[in-house]
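Trainee: let's see this in three dimensions:
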Amino acid sequence: MTTKSNKLLYGWTLIAHPTYQIFTNKNSYVIIDEDNDVMLRFTIQENEIEIQGANWNLNYKINLGFKTIKIINTPET
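Mentor: Take a look at the predicted model:
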């Protein structure tokens, strides 16, 4: 799977398929998939992340040590 790293606030990084869109408002983020559906809503601080909503079939990993959020899902073809 091809991925793209996106720098977020506080040194966090989002790793996801390059076709996924990222929208931000201060420290809040929304990830949109290829069907224009919201995949993930979250906020970040220096040492924490709060997931506010996620698609029912979303697979992701959060690594607190490296401050990374990785979306494992790939777009349907």
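Trainee: OK, contacts around residue 15?
Mentor: 3-6, 68-71 (C-beta atoms under 8 Å, 6 or more residues apart in numbering). To be clear about C-beta, it is placed using only N, CA and C from the backbone, and glycine gets the same treatment.
Trainee: show me those that map onto strands.
Mentor: Per DSSP state E, strands hold the following members of these: 4-6, 68-71.
Trainee: mind giving me the ChimeraX select for those, buried ones only?
Mentor: Buried residues among these (16 or more other C-beta atoms under 10 Å), as a ChimeraX selection:
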select :6,68,69,70,71
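Trainee: from the ones in strands among the contacts of residue 15, pick the one nearest residue 48.
Mentor: The nearest member of the ones in strands among the contacts of residue 15 to residue 48, counting by C-beta to C-beta, is residue 69 at 12.1 Å.
Trainee: before we move on, back to that, tell me the least confident of the contacts of residue 15?
Mentor: Ranked by pLDDT, those bottom out at residue 3, which has 93.
Trainee: for it, give me its contacts.
Mentor: 15-18, 70.
Trainee: could you measure from it over to residue 23?
Mentor: Residue 3 sits 19 Å away from residue 23, going by C-beta to C-beta, to the nearest Å.
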